[in-house]
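Participant: Make a model of this:
(2 chains)
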Amino acid sequence: GENVEQHPSTLSVQEGDSAVIKCTYSDSASNYFPWYKQELGKGPQLIIDIRSNVGEKKDQRIAVTLNKTAKHFSLHITETQPEDSAVYFCAASNSNSGYALNFGKGTSLLVTP
Amino acid sequence: SAVISQKPSRDICQRGTSLTIQCQVDSQVTMMFWYRQQPGQSLTLIATANQGSEATYESGFVIDKFPISRPNLTFSTLTVSNMSPEDSSIYLCSVVRYDTEAFFGQGTRLTVV
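Facilitator: As a prediction, this is how the structure comes out:
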């Protein structure tokens, strides 16, 4: 089955700096890669996603890159703000499983003022 | 996005009892899933809720312990049976729309004493 590795497990940055979270996956059939933000006491919130036919996608301060050959994808957050502090999960899925998600272990991001 | 209502939001239950969690979506969706998130951990897929037929369970999860129903395209239930303290987790309903994007409810925080 699919195995998703996520690094780092914790990340502390100063407000205004950039944060990068990296994930690798094992199943070459995976073709959809979403990122979720989970705040304390809440369910995961989809923040950005990328499909295997695209190399990069941006949405304001958030961007995701995908390298299919190397089987890795990354989340980039620029100009970080304290409200970006949360746990971030990467995931991989494919149509064979109806897009059920295989999650990484999560990254706890702390943005200090 | 999809609006997902999950009930109850939290509960404290005695060991040996069962709890049924409900998931209601505001519109028809193609796929519904149930995930478990143990304290401080990532999300693990329990099963795919299939409309009108038996759910498809992931390795390590069985129907006798986690019976699931999905009578229509917008509603599903997950029962946690014969609970033990090890079942203390957050249980999350997820739905897929437009074939790929997955959204989550707020989760049910279960504590078994």
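
Participant: As a check, name the ranges of all strands in the chain.
Facilitator: Let's take chain A. Taking DSSP state E to define them, one finds strands in chain A at A:4-7, A:10-14, A:19-25, A:32-38, A:45-51, A:56-59, A:62-67, A:72-77, A:86-92, A:102-103, A:107-112.

Participant: not what I meant, chain B
Facilitator: B:4-7, B:10-13, B:19-25, B:31-37, B:43-49, B:56-57, B:68-72, B:75-80, B:89-97, B:101-104, B:108-112.

Participant: Generate CSV for these, with mean neighbour count, mean pLDDT and distance to chain A as supplementary columns.
Facilitator: All C-beta spots, glycine's among them, are computed from the backbone N, C-alpha and C. Formatted as CSV, these follow (neighbours: other C-beta atoms under 10 Å in any protein chain shown; pLDDT from 0 to 100; distance: least, C-beta to the nearest C-beta, whole Å):
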stretch, mean neighbour count, mean pLDDT, distance to chain A
strand B:4-7, 18, 96, 8
strand B:10-13, 13, 98, 10
strand B:19-25, 19, 97, 11
strand B:31-37, 24, 96, 5
strand B:43-49, 22, 97, 5
strand B:56-57, 16, 96, 9
strand B:68-72, 16, 95, 13
strand B:75-80, 21, 97, 14
strand B:89-97, 23, 94, 5
strand B:101-104, 21, 91, 4
strand B:108-112, 19, 98, 8
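
Participant: can you pull the contacts of the spatially closest residue to residue A:53 that is not a sequence neighbour?
Facilitator: The spatial neighbour of residue A:53 that comes closest, neighbours along the chain excluded (C-beta to C-beta, 6 or more residues apart in numbering or on different chains), is residue A:31 at 8.0 Å. Contact analysis of residue A:31 by C-beta atoms under 8 Å, 6 or more residues apart in numbering or on different chains lists A:51, A:52, A:53, A:93, A:94, A:95.

Participant: residues from chain A in reach of chain B?
Facilitator: With C-beta under 8 Å from any C-beta of the partner chain as the criterion, chain A comes near chain B at residues A:32, A:34, A:36, A:42-46, A:49, A:51, A:89, A:93, A:95, A:97-106.

Participant: Among those residues, name the buried ones.
Facilitator: A:32, A:34, A:36, A:43-44, A:49, A:89, A:93, A:97-106 (16 or more other C-beta atoms under 10 Å in any protein chain shown).

Participant: Run through the residues that contact the residue nearest the centre of chain B.
Facilitator: Taking C-alpha atoms, centre = their mean as the criterion, residue B:34 is the residue nearest the geometric centre of chain B, at 3.6 Å. Neighbouring residues of residue B:34 by C-beta under 8 Å, 6+ apart: B:23, B:45-47, B:49, B:66, B:68, B:76, B:78, B:91-94.
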